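Participant: how does the following fold in three dimensions:
(chains A and B)
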Number of protein chains: 2
Amino acid sequence: MIHRVLAADLPAHVGRTVRLSGWLHRRRELKSVSFLVVRDRSGLAQVVLREPVPYPEETVLEVTGTVVANPAAPGGAELAGAEAEAETGTGAETASETGTGTGTGTRPVAGSPAGPVVEVLSEAVQPPPFDLYRPAVPAALPTILDNAPAALRHPRLRAPFEIAAAGVAGFRAALDGLGFVETHTPKIVGTATESGANVFGIDYFGRPAFLAQSPQFYKQALVGVFERVYEVGPVFRAEPHDTARHLAQYTSLDAELGFVRDHRDVMAVLRQALAGMHASVSARAGSALALLEIELPEVPQEIPSIHFADAQELIARHTGEDPRGEPDLAPAHERRLGEWALREHGSEFVFVTGYPMVKRPFYTHPDPERPEYSRSFDLLFRGLELVTGGQRLHRHADCLAALTARGEDPRDYAGYLAAFACGMPPHGGFAIGLERWTSRLTGAANIRQATLFPRDLHRLSP
Amino acid sequence: MIHRVLAADLPAHVGRTVRLSGWLHRRRELKSVSFLVVRDRSGLAQVVLREPVPYPEETVLEVTGTVVANPAAPGGAELAGAEAEAETGTGAETASETGTGTGTGTRPVAGSPAGPVVEVLSEAVQPPPFDLYRPAVPAALPTILDNAPAALRHPRLRAPFEIAAAGVAGFRAALDGLGFVETHTPKIVGTATESGANVFGIDYFGRPAFLAQSPQFYKQALVGVFERVYEVGPVFRAEPHDTARHLAQYTSLDAELGFVRDHRDVMAVLRQALAGMHASVSARAGSALALLEIELPEVPQEIPSIHFADAQELIARHTGEDPRGEPDLAPAHERRLGEWALREHGSEFVFVTGYPMVKRPFYTHPDPERPEYSRSFDLLFRGLELVTGGQRLHRHADCLAALTARGEDPRDYAGYLAAFACGMPPHGGFAIGLERWTSRLTGAANIRQATLFPRDLHRLSP
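Facilitator: Reported below is the predicted structural model:
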């Protein structure tokens, strides 16, 4: 029986007869020889045939042949077989017996006795929306998104998702190592309380319900159960803005932990989570990084941190503008802070802490020394907000007072408040948008390039 | 500075002054001494005080004191301090400086100079719905579900979720090791095609849309991109049945892989995933298993397998009934097969393969030798269906024909078919319901006991 070998592993099998399985990525016919490039999950491999190949690109193939060293081939080896007649002959017979053919309609195609043998597993009946074999993507974003199932096969379009998967694995590994428990919370909720607008309504067995905008309330309640929890899951925003950074569904990496001293303990855990994400990408998505020519930024041992008020001072000192009194940072000012952190601290990351309470949700913990400021933070990466987090209120009476001060009816928050009535420790947490992280890391201009099948104001398929 | 020590780690710190942080799980006042049991994420620890404790259960505390060996205490050590006056004194002072108090309202409570010092971090203003410290849960399911944020703090009610988290981690680890890529697909879809009924409708920016019942179509399309994919995420069923095993939202562990020979390659991967889940539970959730007195069943190297037709023969032979001609197995017959597998093969798991095509979705691959049977399977665990899976159609023409034969309009499946038009390898996959797996493993009578905040026909909160 001839085993399948992945394209990337071909060089380790020189001289042996193997089976390659994958898609016909590209074919080039010369006078007396054809070059096939076969694509599988590991990469590309070249096959040399003595006859023309009558199949279009994206045909699913199995090729059985002998691995030959060829410094000119990708990876330094290719499937050929002129000098291995006997083995290739044997290979061809065995392949028909052990191929992945399903017994109906598999069509063995005899190669020349001296060359690899090609078997078609599945025909492509329609060309992809653009040439998948061109190194640069020859298509605009709408074409890519409209044709995602085929378009994502392009190695450059697939690569961000290999990076995302590695990043999530690193996030979990870091938090697992810190005693966190993974949770799965409801995405259908009975009240649209957390941020009011921008929720999707559902018909829930004839009753109105809503898609959850975040697991915020649940992860806080679960601090009372597990102390440290995380969740990786979809969140939903009925975002009426059609921009390069808004999605109606995205993947939120949420964490929350109890028994914190203040927001700095949360920031320390966030740093570990990010470092875990980067380490995992480095270890598990090296070829995707190489393909996209990405140099992974270092997550410093100590990410520089600046208080919101000091950040405004800094901006006032370095620009003609005076943002003091503004309750938030303008995008241009975030970029300035990114430049400052890189210049002064050599860091592409910078924490801004102490955002004014007026711009933060009711559950935010104020700074006891300066109650107009909060114990919250944003993490900027390359001058753009990547993560939001902070310490939350933990005393039942404080939660009640904060709701009342904002004109909210505590009865609308009964489920949330129940956890606090039974004793909650000082706690805090953060949320990282996975697609945002991936697009910033890969330099994507549009967050949709880091989303397999994006959902937005206009897009509901594929 | 005195570091926090988890309850479970107390015995390793005998003779040292440490800080315990957690909930007041239980208190018992004797004439001259009080016993506090403090609960944290690791377990329980006993504290001995010389004075009464005026706080109710679930108060969030920090206790600073000296660890003393006591064979009668849980774990063989407790926080006391009579013989460690000097250290405890120092401990108390340091604790006020480095405690997790937030600076507003932390109330240090002096212990006797010779005993541990208790500090209240957060008061419980309402008793839990039942005594959390009783070893058996003294409440019925509706009480538990209505009061989940507090009820789940009971160690026996929390334990299934520690097992679930470990299981999911093992699922991912096994598939990561096999070259799978983790994906995140849309939960909002434009058509209710996959199973027609039982979908939740959404108002999507004024257009009708639906909550996804499974990532089936997306994971198949992504086989064309990554070959091997998995997803752990919520799926939604507008289940009009109010039973012990139906949920409106559950967590589906979905996997799909390309270049399979037939459904047996899928079953082999499922076995590896399950073995990974059990290994991870054993390694990571040992104390939850011990608390619930669960002996983890072995996943055999080779799970026994029986064809649907042979299963019917077997049932006919062993019972007075003759189920032949029926297109599905009755629950009683599944139990019979479970008993048979245990008796004949010593396995708590058994595959039933080849379910009749008429009971399987249109994308199911038929058995070429006996086209009325499919290349699908169910995995039964202790006589109950745990997993469904199989090989899928992979040729574009076969998908079209199958849809047409079922009276479906292929235009309603345009997004799905696009992947197949561009060449799809033979593939298959499976889906494990996380809550179902957890409840079967823990012997829960109701799937809601394995769901943090269940959603069903009647329940939309907490």
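Participant: tell me the residues of the stretch 251-400 of chain A that contact chain B?
Facilitator: Contact residues (Cβ under 8 Å from any Cβ of the partner chain) of the stretch 251-400 of chain A with chain B: A:251, A:259-262, A:365, A:368-369, A:391, A:394-397. The C-beta positions use only the backbone N, C-alpha and C, and glycine is treated the same way.
Participant: what about these, which are in helices?
Facilitator: A:H396, A:A397 (DSSP state H).
Participant: would you mind listing which of the residues of the stretch 251-400 of chain A next to chain B are buried?
Facilitator: A:T251, A:F259, A:V260, A:R261, A:D262, A:H365, A:Q391, A:H394, A:R395, A:H396 (16 or more other Cβ atoms under 10 Å in any protein chain shown).
Participant: kindly reformat those residues as a markdown table containing pLDDT.
Facilitator: Shown next, in a markdown table, are these (pLDDT from 0 to 100):
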| residue | pLDDT |
| --- | --- |
| A:T251 | 98 |
| A:F259 | 98 |
| A:V260 | 98 |
| A:R261 | 96 |
| A:D262 | 98 |
| A:H365 | 98 |
| A:Q391 | 98 |
| A:H394 | 98 |
| A:R395 | 98 |
| A:H396 | 98 |
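Participant: now render those as CSV, adding distance to A:E408.
Facilitator: Shown next, in CSV, are those (distance: Cβ to Cβ, whole Å):
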residue, distance to A:E408
A:T251, 29
A:F259, 27
A:V260, 25
A:R261, 28
A:D262, 25
A:H365, 17
A:Q391, 20
A:H394, 18
A:R395, 17
A:H396, 15
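Participant: before we move on, the earlier item: biggest separation within the residues of the stretch 251-400 of chain A next to chain B, which pair?
Facilitator: A:T251 and A:E369 (36.4 Å; Cβ to Cβ).
Participant: on that earlier part again, and which of the buried ones among the residues of the stretch 251-400 of chain A next to chain B is nearest B:W23?
Facilitator: Of these, the one sitting nearest to B:W23 (Cβ to Cβ) turns out to be A:F259, at 10.7 Å.
Participant: picking that back up, now, the buried ones among the residues of the stretch 251-400 of chain A next to chain B that are in strands?
Facilitator: Cross-referencing those against strands under DSSP state E gives A:T251, A:Q391.
Participant: name the nearest of the buried ones among the residues of the stretch 251-400 of chain A next to chain B relative to B:G75.
Facilitator: Distance to B:G75, by Cβ to Cβ, is smallest for A:F259 among those, at 19.8 Å.
Participant: not counting its neighbours along the chain, what's nearest A:S214?
Facilitator: Excluding the flanking residues, the one nearest A:S214 by Cβ to Cβ, 6 or more residues apart in numbering or on different chains is A:V235, at 5.2 Å.
Participant: is it true that the one you found lies in a strand?
Facilitator: Yes - remark: A:V235 belongs to a strand, assigned using DSSP: H, G, I helix; E, B strand; the rest coil.
Participant: quick one: contacts for it?
Facilitator: A:V235 is in contact with A:A212, A:Q213, A:S214, A:P215, A:Q249, A:Y250, A:T251, A:S252, counting by Cβ atoms under 8 Å, 6 or more residues apart in numbering or on different chains.
Participant: at 6 Å instead, please
Facilitator: Residues in contact with A:V235, defined by Cβ atoms under 6 Å, 6 or more residues apart in numbering or on different chains, are A:Q213, A:S214, A:S252.
Participant: could you do A:W23 as well?
Facilitator: By Cβ under 6 Å, 6+ apart, the residues touching A:W23 are A:R39, A:E58, A:V60, B:G423.
Participant: helices of the stretch 301-450 of chain A, residue ranges please.
Facilitator: Along the stretch 301-450 of chain A, counting by DSSP state H, counting those that start in this stretch, helices occupy A:308-318, A:331-345, A:396-405, A:414-421, A:434-442.
Participant: one more: the stretch 1-150 of chain A?
Facilitator: Under DSSP H, counting those that start in this stretch, the stretch 1-150 of chain A gives helices at A:85-98, A:141-146, A:148-151.
Participant: so after the shortest one, what's the next helix or strand?
Facilitator: Counting by DSSP states H and E, the element after helix A:148-151 in chain order, helix or strand, is helix A:155-176.
Participant: just give the closest residue to the residue nearest the centre of chain A, not the sequence neighbours.
Facilitator: Nearest to the geometric centre of chain A sits A:A164, at 2.9 Å (Cα atoms, centre = their mean). Nearest residue to A:A164 in three dimensions, chain neighbours excluded: A:T438, at 4.4 Å (Cβ to Cβ, 6+ apart).
Participant: could you verify my assumption that that neighbour touches A:P160?
Facilitator: Yes - the pair A:T438 / A:P160 is scored as a contact, 5.3 Å apart, by Cβ atoms under 6 Å.
Participant: overlap in contacts, the two.
Facilitator: Common neighbours of A:T438 and A:P160 (Cβ under 6 Å, 6+ apart) are A:A450.
Participant: identify each buried residue in the longest strand seen in chain A, please.
Facilitator: The longest strand of chain A (DSSP E) is strand A:17-29. Residues of strand A:17-29 classed as buried: A:T17, A:V18, A:R19, A:L20, A:S21, A:G22, A:W23, A:L24, A:H25, A:R26, A:R27 (neighbour count, 16+ other Cβ under 10 Å).
Participant: check stretch A:391-411 too.
Facilitator: Result for stretch A:391-411 [16+ other Cβ under 10 Å]: buried residues A:Q391, A:R392, A:L393, A:H394, A:R395, A:H396, A:D398, A:C399, A:L400, A:A402, A:L403.
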